[in-house]
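1. the sequence and its predicted three-dimensional model are supplied below.
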Amino acid sequence: MDYVLETNNLTKKYRRYPALNELNMHVPKGAIYGLVGKNGAGKTTLIRLICGLQEPTSGSFTLYLQENGSQSIANARRRMGAVVETPSIFLNMTAEDNLKQQSMILGLPSYEGIPELLKLVGLENTGKKKARNFSLGMKQRLGIAVALVGDPDFLMLDEPINGLDPQGIVEMRELILKLNRERQVTVLISSHILDELSRLATHYGILDNGRMVLELSAAELESKFRSCVCMEVSDTAVLARVLDSMNVEYKILTATTANVFAKTNVTRLAAALEQEGCEILSMREKDESLESFFLSLVGGGDHA
Ligand code: ATP
């Protein structure tokens, strides 16, 4: 697999405290990689190291196969954009002027792409309005537009939905999906909310106390959340026979209750049970939430 970013025992210590502790992570090309961790897990530190805002204490990383510390890392960083902590925008400027300013900073020869970029982030109608008068969601989207000025193919966003209202969250989600699907931008998003990431991530890295607890794809995560229906019937012995014949996994709990795994065809199951003289008394979908799965990996306590 092609990785845009790979870290190898990456460690960052503040005095003796390891904010990142021998971290190994792999961001595949084309992914929306959700970096999940509670406050203080080390998400911002990781993004700062990749951006070159801080140096690792030990370990290494490669960005587009270029090792940190090598001369070519600067070229690799040109292919990357990032919004770390607060978006780097000038509040006394309009959205358009912010993008012009960034073009100048990067030494780009023209402002040609700016109208398209404003449209992409939904700020094409903001005219003379200064960024200080934007909503938080608009500021975040302007921050992303600024990060996109050099036309990067890898974007890192640190907690992009923090503090956004529901409408802002939807807009941010749509923008990230659009960038990934239409512009083939690989995106790394850090968040402390696994549920929100689950609406868009294709891969996950779960970070706790500076360590990678688990890396997995969305498909792998989904398979861990096979749906489970708790059934109450007049006789679970009959239910077991019928489910065996349908090749469905189950777990008998009592003489009248059982958990049935996998998506079953309820009509077919009900008809088969009726034929065997077994009555369905109740059926209830049980869904372990992503959040409780996350907490089972990183523990419920706060160690920020
Ligand atoms: P949050 O979402 O709260 O920002 P995070 O996962 O991004 O959390 P980091 O900001 O990377 O976490 O911080 C990781 C740990 O390193 C925390 O315990 C933090 O207190 C500590 N830390 C971060 N920056 C510094 C610093 N400059 N000096 C000392 N300790 C720091």
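-> Received the coordinates, thanks.
2. for the helix or strand containing His26, packing partners?
-> Per DSSP states H and E: His26 is located in strand 17-28. Applying 3 or more Cβ pairs under 8 Å, 6 or more residues apart in numbering; DSSP states H and E, we find strand 17-28 packed against strand 3-14, helix 43-51, strand 186-191, strand 203-208, strand 211-217. (Each C-beta comes from the backbone N, C-alpha and C, glycine too.)
3. shaky segments in the protein?
-> 225-227, 262-263, 287-289, 300-304 (pLDDT under 70).
4. in JSON lines: the helices and strands packed on strand 17-28, plus distance to the ligand and mean neighbour count.
-> Conversion of those to JSON lines gives the following (distance: least, Cβ to the nearest ligand atom, whole Å; neighbours: other Cβ atoms under 10 Å):
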{"stretch": "strand 3-14", "distance to the ligand": "3", "mean neighbour count": "19"}
{"stretch": "helix 43-51", "distance to the ligand": "3", "mean neighbour count": "23"}
{"stretch": "strand 186-191", "distance to the ligand": "7", "mean neighbour count": "24"}
{"stretch": "strand 203-208", "distance to the ligand": "7", "mean neighbour count": "23"}
{"stretch": "strand 211-217", "distance to the ligand": "12", "mean neighbour count": "17"}
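5. so is stretch 80-88 next to the ligand?
-> No. Using Cβ under 6 Å from any ligand atom, stretch 80-88 stays clear of the ligand, coming no nearer than 7.6 Å.
6. buried residues in that stretch?
-> For stretch 80-88, a neighbour-count test (16 or more other Cβ atoms under 10 Å) marks Met80, Gly81, Ala82, Val83, Val84, Pro87 as buried.
7. which residues of the stretch 151-300 of the chain lie near the ligand?
-> Within the stretch 151-300 of the chain, the positions near the ligand by Cβ under 6 Å from any ligand atom are His192.
8. cutoff 8 Å now
-> Counting by Cβ under 8 Å from any ligand atom, the stretch 151-300 of the chain comes close to the ligand at Asp158, Glu159, Ser190, His192, Leu207, Gly210.
9. how about those, which pair is most distant?
-> Glu159 and Gly210 (17.2 Å; Cβ to Cβ).
10. and the residue nearest the centre of the chain, what does it touch?
-> Compute the mean C-alpha point of the chain, and by Cα atoms, centre = their mean the closest residue is Gly34, 2.4 Å away. Going by Cβ atoms under 8 Å, 6 or more residues apart in numbering, Gly34 touches Ile189, Ser191, Leu194, Leu197, Ser198, Leu200, Ala201, His203, Tyr204, Gly205.
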